[in-house]
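[1] Fold the following and give me the result.
(4 chains)
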4 protein chains.
Amino acid sequence: MSGQKIGLLNGGGDCPGLNAVTHGVVGAAKKLGWDVIGFRDGFEGLFPPGDCKLLKAEKTAGILKLGGTILGTTNRGSFSSKVGEGGIRKIPAEIMAQARETLEAQGISALVCVGGDGTLTTALQFQDEGFPVIGVPKTIDNDLRATAMTFGFDSATQVVVDSLDRLHTTASSHKRVMILEVMGRHAGWIALYGGIGGGASAILLPEIPFDYQKVANAILEREEHGFRSSLIVVSEGAAPAGEAQVIADASGQGEVRLGGIGEQVADKISELTGKETRCTTLGHLQRGGSPTSLDRVLGTRFGVKAVKLIEEKRFGRMVSYQQYHVGSVPIKEAVSELNLVDPEGELVDTAKSVGICFGD
Amino acid sequence: MSGQKIGLLNGGGDCPGLNAVTHGVVGAAKKLGWDVIGFRDGFEGLFPPGDCKLLKAEKTAGILKLGGTILGTTNRGSFSSKVGEGGIRKIPAEIMAQARETLEAQGISALVCVGGDGTLTTALQFQDEGFPVIGVPKTIDNDLRATAMTFGFDSATQVVVDSLDRLHTTASSHKRVMILEVMGRHAGWIALYGGIGGGASAILLPEIPFDYQKVANAILEREEHGFRSSLIVVSEGAAPAGEAQVIADASGQGEVRLGGIGEQVADKISELTGKETRCTTLGHLQRGGSPTSLDRVLGTRFGVKAVKLIEEKRFGRMVSYQQYHVGSVPIKEAVSELNLVDPEGELVDTAKSVGICFGD
Amino acid sequence: MSGQKIGLLNGGGDCPGLNAVTHGVVGAAKKLGWDVIGFRDGFEGLFPPGDCKLLKAEKTAGILKLGGTILGTTNRGSFSSKVGEGGIRKIPAEIMAQARETLEAQGISALVCVGGDGTLTTALQFQDEGFPVIGVPKTIDNDLRATAMTFGFDSATQVVVDSLDRLHTTASSHKRVMILEVMGRHAGWIALYGGIGGGASAILLPEIPFDYQKVANAILEREEHGFRSSLIVVSEGAAPAGEAQVIADASGQGEVRLGGIGEQVADKISELTGKETRCTTLGHLQRGGSPTSLDRVLGTRFGVKAVKLIEEKRFGRMVSYQQYHVGSVPIKEAVSELNLVDPEGELVDTAKSVGICFGD
Amino acid sequence: MSGQKIGLLNGGGDCPGLNAVTHGVVGAAKKLGWDVIGFRDGFEGLFPPGDCKLLKAEKTAGILKLGGTILGTTNRGSFSSKVGEGGIRKIPAEIMAQARETLEAQGISALVCVGGDGTLTTALQFQDEGFPVIGVPKTIDNDLRATAMTFGFDSATQVVVDSLDRLHTTASSHKRVMILEVMGRHAGWIALYGGIGGGASAILLPEIPFDYQKVANAILEREEHGFRSSLIVVSEGAAPAGEAQVIADASGQGEVRLGGIGEQVADKISELTGKETRCTTLGHLQRGGSPTSLDRVLGTRFGVKAVKLIEEKRFGRMVSYQQYHVGSVPIKEAVSELNLVDPEGELVDTAKSVGICFGD
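    Residues are numbered from 1 along each chain as shown, chains lettered A, B, ... in the order given. Alright, predicted model coming up:
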């Protein structure tokens, strides 16, 4: 089995730790005497003759600390599945054929696909059609039930906490209410961890519909207790009770611009409390930048495990983190099952214990 | 002159380094055997009986690293000047009288006022009406002609550079144009330094009206040269040629919400280049957080100098930085003369030399 | 049970996240209407009349981000156990009596002790002698078998990774071998995680005795493969095979100054490879500074759980992290069972897969 | 003059901002239609046939944020001057001849040399022997009289301040005296700025011989005033009065390992005060890592100016920063004149005003 050539690509939104996965894949492959071909810009790089290059361990050694992905990635590209006959979503046959042509011409024996739901669904079709794939989960929101942890989440949360630290000083200088809108369309983990770690006064999540008046009351009560300022962390997918945000695309594949819930919270809380409010939307600052130690280690482990799965010919599986160890699950079982914040769970309970309001 | 009591207050928007000034004032006063009384929330703290406290060196030793101001500050408060008889802007006499009552009751011999144009103009009226004041300039935009450097600017610029580093990785992963809107209503120093330091492709400043088509061309040309992404830094006060933004309040005293020029640039550049664009507005993240080394040292020097000016009874003067030394100028001469970016100067020329487009 | 007063103290070396525990304890107690009395400098604060103060939630809200401990702590103080009759280590009865006097005079109903082996052993004696205690584990080395994670470890590891990032650039500029000595007397987790995350070429751990020649060979081989530099991370407790470092005090209670293994590695590797080497000892830089997001959240959860255990009258137990949830174990079972790096485990295997040498 | 080829090299120790200079040189050259050839590892890269490569603007655009130097550098290499006939220090003629051979073979019209005293002295010999050079000053210690500022200094100082912030929390938790040894063999600027910015209690500099007893007294006095801890910053070149450190090599060309003054201060202060002390030596952590905003901008300006000087055929000159503008001076006048801390100057005076002890 020596001398084989494996392919690697990144799909969907970029995420801190993607390069650590590449580092892990290339390192582990080198140890087996294999070559790794990196395809650029996700599946798009599979169009003939293939936009790709040989990844050398000497070059990938320095990428651990880099944010983003040196391979490039694509959101909602040509390989998005489309509803076909019988209502089944599939990638058109002519697109698949072109990809197969490239993979065969390049002599690729197996393809490692790093991405979210959309990417993994596409990967599954390759597997189902006879081309061996291994999946590596990527979701900065940490919302996949099949893995206890995903890389990128810790880095994004750290950006939220650092931003809250900054906002605290300016909020307190001016006796203001500061609102910080963070990522999290369906799952509020970033807001929840970031809000606890950054000392927020209120956290508004997709999983817990909120009442503006309750949030406003909590702010006013804080003031009575002598606090000079309040910080509210809002997931982009949070919504007041009865007004759940319409999420345009629940497939998870594309990027959806939600409706500016942060600004809305700022306006409403200002109105209800009579206090000065200011909203900051973190946006892309959460995705970029050097990954945290944890994400670098986790990404490296995921990359190494992907190669081991190929070595063991356990195709069609996705790397996952369970019980503090890196293992694997069938891709089929893994996609689309979301891991949401439990409104009755220990973490929300902890937050409430230290006085954080959820507006429920 | 031993045993005297001096007052200290911060006015206008908060700024990294304010606490270093407080540290400098309290330290230098302690050495002379003086007490420092800190007034809370700017001039508002002067209303009888005075919202103030004795600042102890043991307590202020740890504040150097803190962002914001431990004293609190106020924008556009009761001490804003109002147009009175003969068109002269003055603080109403009854307000001044209350402040004098507090200062006398507290036994304050001189007042150190740290702030921007508005704060210093108010301070000047105290001086003109016989109450000794010393001014310390505070402008995060670094736009005061009377001082070669002001604290806070370096910290704000560092936040811009760090943010550009983050955006670079995500822009490059997705082949996008990223726009970053930064502070700078009248002067574009933060955008200029931040943009050069963060490797921007284009910088749009209040001082250089720009042409969208020229910016779009520069982006497209970069793409032809093999760059995967472009970053555009936009001052909040920048405007296309012929459409100069209406700045609601040029007095500099209050905070003005400008019209979202960053989002406008994103839309227009997307239209003209056909490329994906995303806008991030840094907002309050630029003000908060721990000051840089430079700002801590500069703030400390300013604070120490303020006390020395009191010791030398050189009242009505403002601390300033000139020729790498801390000196002073009359407050009267200092206010309102803006230090703008020179479109023909060495710094803009340097930026153009490394390929940065200004849209002119 | 309303209105009760609980005590809180920190023992042993300081650790990022200690203040988050305090924040959690105070917040959760406030919610129950309880008061928290913080004792200064560990058990030393228990000497009559008690060096302590009431901790207010309004004050502890801002401490989440602070490194160190606002309560102060003591290593090897008066409450260290001493070998008495029958060879049993105990705290002298007269010391215990004084502590009891203070606790009773202050009306403390239960004491939360945050610390390592030494602190928890002392806490156990209080419990055994009838005074209710709750333990919270603190070990920056993450080496306690009874809990899957401890706060402080992630922050320390992040400092190691940031330092390696710095050393990489200077090592590579000069074609040098850089050695970084990090914490870890008995367990090499910090070196292992930090080394993988920071892209080390070799990691030397207490659990894996190493051979200098093998390390030197790995360095030389890297050079042949075109790498310009190499970084070696060394746990302070690492030792060459057959020369295990004598650890002066295995009780874990005090701080032991080990013998400078980092400098020794630098000298030996320089001799064997003929290359320039430089050693940096991180020391106390690993302990201080603002905790990471993860450590802040974990510390807060631990603090809240400690109060819940008191509420449920489950005394003599230690908070622990298991299966991604915060639970508890009997203190008796928890102390002294070390969680060491498994030389055959997935993490060491991952490191080897990406080319890291362990000298074995 | 179009189409010319210029050379670029870095000499001496690495320094944050070196890559910004390269970015500036390559950008400005590209604008003129020139090529830049980068020589590796300082003058060593000049040995035939030349270890060099063409630097492309597309590649150097991303290096602004990188610490170290992508070109590599050498300390005390083959181009160090040696004392020859008549006691004049010169580079041997055969070495110079080989370099000339490479420069001519490569078609280099002028050489930009970025470095300290040693590098600039070597550059001068090239100029004197008829090969056109431009110097760019590099001294992380900021100790060159001919330029008001040099890149790298701000980054190094920021590392010192960040480290002091970390040490403060652990010092205060344990009531310890922490000593931090920083760079500065002849000039104590890093210790002075870092110490003021980081809130040190004492700063020991090469320019101010100190008395241990005076330092110890200051520490004890602080304790009486209620401070829980003290931090002492020590330049590596500091020495007690009457015991000036023997600096092995004052030529500034090589790296000298001094005698561990930090550890010595720790031992002596512990002895004199009876307090626990700990020493941390920052070492190479000060050199590496991403440059600050200020250093990136300054480096870029220096690089652009070097190309302008070539364009204007003003050879034999060194770029310098004066009156807030980038200009130039003859290299001959620039080397070896040190800019030392003035013990009577405003900055030392400011430090003393906020209670910092210098041991004098």
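
[2] isn't A:Gly115 right next to A:Lys138, touching?
    Yes. The pair A:Gly115 / A:Lys138 is scored as a contact, 5.2 Å apart, by C-beta atoms under 8 Å. For every residue, glycine as well, the C-beta is placed using N, CA and C.

[3] Find residues that contact each of these two.
    A:10, A:12 (C-beta atoms under 8 Å, 6 or more residues apart in numbering or on different chains).

[4] In chain A, where is pLDDT below threshold?
    For chain A, the stretches flagged by pLDDT under 70 are A:1-2, A:84-85, A:244-259, A:336.

[5] just the helices in it please.
    Ranges of helices within chain A are A:18-31, A:57-60, A:93-105, A:117-128, A:153-174, A:189-197, A:212-224, A:261-273, A:293-311, A:331-334, A:346-353, based on DSSP state H.

[6] got the CA coordinates for the third one in PDB?
    Which is helix A:93-105. Extracted in PDB, the C-alpha atoms of helix A:93-105 (Å, rounded to 0.1, in the frame of the first residue of the first chain):
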ATOM      1  CA  ALA A  93     -24.200  13.400 -12.700                       C
ATOM      2  CA  GLU A  94     -22.100  15.500 -15.200                       C
ATOM      3  CA  ILE A  95     -20.400  17.400 -12.400                       C
ATOM      4  CA  MET A  96     -19.600  14.100 -10.600                       C
ATOM      5  CA  ALA A  97     -18.200  12.700 -13.800                       C
ATOM      6  CA  GLN A  98     -15.800  15.500 -14.200                       C
ATOM      7  CA  ALA A  99     -14.600  15.200 -10.600                       C
ATOM      8  CA  ARG A 100     -14.000  11.400 -11.100                       C
ATOM      9  CA  GLU A 101     -12.000  12.200 -14.200                       C
ATOM     10  CA  THR A 102      -9.700  14.500 -12.300                       C
ATOM     11  CA  LEU A 103      -9.300  12.100  -9.300                       C
ATOM     12  CA  GLU A 104      -8.400   9.200 -11.600                       C
ATOM     13  CA  ALA A 105      -6.100  11.300 -13.800                       C
END
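
[7] Report the buried residues of it.
    Buried residues in helix A:93-105, counting neighbours by 16 or more other C-beta atoms under 10 Å in any protein chain shown, are found at A:95-96, A:98-100, A:102-103.

[8] and that helix, what other elements does it pack with?
    Identification of packing neighbours for helix A:93-105 by 3 or more C-beta pairs under 8 Å, 6 or more residues apart in numbering or on different chains; DSSP states H and E yields helix A:117-128.

[9] nearest residue to whatever residue of the stretch 201-350 of chain A ends up closest to chain D other than its sequence neighbours?
    Per C-beta to the nearest C-beta, A:Ser290 is where the stretch 201-350 of chain A lies closest to chain D, at 9.1 Å. Sequence neighbours aside, A:Lys65 is the residue nearest to A:Ser290 in space, at 5.1 Å (criterion: C-beta to C-beta, 6 or more residues apart in numbering or on different chains).

[10] Count the residues that sit near the one you found.
    A:Lys65 has 20 neighbours, counted by other C-beta atoms under 10 Å in any protein chain shown.

[11] Would you agree it is in contact with A:Pro291?
    Yes. If you go by C-beta under 8 Å, A:Lys65 and A:Pro291 touch, sitting 7.5 Å apart.

[12] ok, so of the buried residues of helix A:93-105, who is nearest chain C?
    For those, the nearest to chain C is A:Leu103 (24.6 Å; C-beta to the nearest C-beta).

[13] Can you tell me how far whichever residue of the stretch 251-360 of chain A sits closest to chain C is from C:Asn19?
    The nearest approach of the stretch 251-360 of chain A to chain C comes at A:Val354, 3.2 Å away (C-beta to the nearest C-beta). Per C-beta to C-beta, to the nearest Å, A:Val354 is found 13 Å from C:Asn19.

[14] now swap in A:Thr169 and tell me
    17 Å.

[15] More neighbours: these two, which one.
    Per other C-beta under 10 Å, whichever of A:Thr169 and C:Asn19 has more neighbours is C:Asn19, with 30 against 26.
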